[in-house]
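S.K.: Okay, predicted coordinates and the sequence, questions at the end:
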Amino acid sequence: MERDACGRSARSRLGQPRSVIINGRRTSLRLEASIWLGLDEIAREHGRSVDELVTRIDQGRAKDRSLASAVRIFVGEFWRDRGTVR
């Protein structure tokens, strides 16, 4: 398998798909492992499921922004605002 300069495979750079349920509908979301981990931590800290958190992100995102981008921005801003780099 071909790897980049950091040793990552093309598959890992593209992200890991997971199914989430948004407003009762199952959809697949492809995010990097670090984003999934951050999202899991945020959901756990707020006593919510990842599905509930992603649903809230989906409801608040600009319609010209993809859900994956909105999730990445949400996770990055969460840790930035907290003053913690993950």
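M.R.: Ah, there it is.

S.K.: if I've got this straight, T27 is in a helix?
M.R.: No. Counting by DSSP: H, G, I helix; E, B strand; the rest coil, T27 falls outside a helix, being strand.

S.K.: so how far is G60 from it?
M.R.: 17 Å (C-beta to C-beta, to the nearest Å). Every residue, glycine included, has its C-beta placed from N, CA and C.

S.K.: which of those two has more neighbours?
M.R.: Ranked by neighbour count (other C-beta atoms under 10 Å), T27 and G60 place T27 first, with 13 against 9.

S.K.: what about the nearest residue to the more buried one once chain neighbours are set aside, distance to A70?
M.R.: In space, and not counting its chain neighbours, T27 is closest to V20: 6.1 Å by C-beta to C-beta, 6 or more residues apart in numbering. Using C-beta to C-beta, V20 is found at 13 Å from A70.

S.K.: Make sure A70 is actually in contact with R56.
M.R.: No. Here A70 does not reach R56: they are 10.4 Å apart, not a contact under C-beta atoms under 8 Å.

S.K.: Mind checking what helix or strand follows the helix or strand of the chain with the lowest mean pLDDT in sequence?
M.R.: Lowest on mean pLDDT, DSSP states H and E among the helices and strands of the chain sits helix 10-14, with a mean of 56. The C-terminal neighbour of helix 10-14 among helices and strands, as given by DSSP states H and E, is strand 16-22.

S.K.: what residues does that next one touch?
M.R.: 26-33, 36, 50-51, 54-55, 58, 67 (C-beta atoms under 8 Å, 6 or more residues apart in numbering).

S.K.: Which helix runs longest in this structure?
M.R.: helix 67-82 (DSSP state H).

S.K.: I'd guessed S49 sits against A43; true?
M.R.: Yes. Using C-beta under 8 Å, S49 is in contact with A43, at 6.1 Å.

S.K.: So V20 and A70 - more neighbours on which side?
M.R.: V20 (21 against 16).

S.K.: so how far is R82 from the more buried one?
M.R.: 23 Å.

S.K.: again, but for L53
M.R.: Where R82 is concerned, L53 sits at a distance of 15 Å (C-beta to C-beta).

S.K.: Then R72?
M.R.: From R72 to R82 the distance is 16 Å (C-beta to C-beta).
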